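need the 3D shape of this:
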Amino acid sequence: MPSRCRNALNIVVTTLFAAVVLFTILLAYVTGYQFIHTEQHHLSFGLYGAFLSLHLLLQSLFAFLEHRRMRTPARPQYFRRSVALCIAAYQEDPDYLRKCLRSVRRISFPGLKVVLVVDGNRHEDRYMMDIFQEVMGGAEQAGSMVWKGNFHSDGDKGGGVGGGRRSAVHMEEAARVARLVRGCRFSCIMQEWGGKREVMYTAFKALGDSVDYVQVKPVQKNLLSLSRCHKILWCCFYN
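This next block holds a predicted model:
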């Protein structure tokens, strides 16, 4: 039986049971029928007391069963879904970036993929890639790439990619980005500045269908918030 139907059935049965108990107790109280009583009625046990005793007994029984159920060891959970955590960075404070990456490094989800996309490929943006490699384990564990362009630009200040005329070099670099992101557990891409949407597009495009969950979730300072949605977990540093 589906859990939603089972919950609805439990609500209906519980409501009916409570209504029957209330009606019976009121009826017993009104009639005043007594099973046992002393001559002066100093001590008596009637129908009202019997139903109260039954109600207390049932409450105790259900509480005992629920207590046993809660103490039963839970079945082990097996995570069979792949998850990617994508971090978009633009001129971030080094301390905030380092703290967030350290918190990501401590996540125990099996096979978690981490992708940092830096919105900017200038020399002054290089510190974010250096911090990423420092926290994630260096070049041995964290793949990185400085991309002259992005998925919508070949890095040519004169106009970029347009009208479907993509150069072979640009297409090869885009394929290399995809291979790096899909092949490394930790990867960092520095690309030509294009704004927040361009950074998000790079992560989604490079990951493709290689992961099972997606979420667009902003991050304030070093606070990391994760929740389940569909395809990718998204983490943005933008103010």
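
only C-alpha atoms for contact and neighbour calcs from this point on.
OK.

pretty sure residue 52 contacts residue 25?
Yes: between residue 52 and residue 25 there is a contact at 7.3 Å, judged by CA atoms under 8 Å.

residue 183 - how many residues pack around it?
In terms of burial, residue 183 registers 14 neighbours under the definition other CA atoms under 10 Å.

how about it, phi and psi?
In terms of degrees, to the nearest 10, the main-chain angles of residue 183 are phi -90, psi -20.

go on, residue 45?
For residue 45, the backbone dihedrals are phi -140, psi 110 (criterion: degrees, to the nearest 10).

hang on, the earlier thing: neighbour-wise, which of residue 52 and residue 25 wins?
The neighbour count for residue 52 versus residue 25, taken as other CA under 10 Å, is higher for residue 25 (18 against 15).

where in this structure is pLDDT low?
1-3, 33, 35, 37, 40-42, 76-79, 139-140, 157-166, 214-239 (pLDDT under 70).

now the strands: where do they sit in it?
All strands of the chain, identified by DSSP state E, fall at 34-37, 44-46, 84-89, 113-119, 142-146, 186-191, 213-218, 231-236.

what packs against the shortest one?
With contacts taken as 3 or more CA pairs under 8 Å, 6 or more residues apart in numbering; DSSP states H and E, strand 44-46 sits against strand 34-37.

likewise the fourth one?
The elements that strand 113-119 packs onto, with contact taken as 3+ CA pairs under 8 Å, 6+ apart, are strand 84-89, helix 126-136, strand 186-191, helix 196-207.

tell me what angle the longest one forms with strand 84-89.
If you take axes from the mean of the first three to the mean of the last three CA atoms, to 10 degrees, helix 196-207 sits at 150 degrees to strand 84-89.

same check, this time on the second one
Put simply, helix 126-136 runs at 150 degrees to strand 84-89, going by the same axes, to 10 degrees.

residues of the longest helix belonging to the chain that come out buried?
Across the chain, the longest stretch assigned as helix under DSSP state H is helix 3-31. Of the residues in helix 3-31, 21, 24, 25, 28 count as buried by neighbour count, 16 or more other CA atoms under 10 Å.

same thing with stretch 38-55?
Across stretch 38-55, burial judged by 16+ other CA under 10 Å covers 46, 47, 48, 49, 51, 55.
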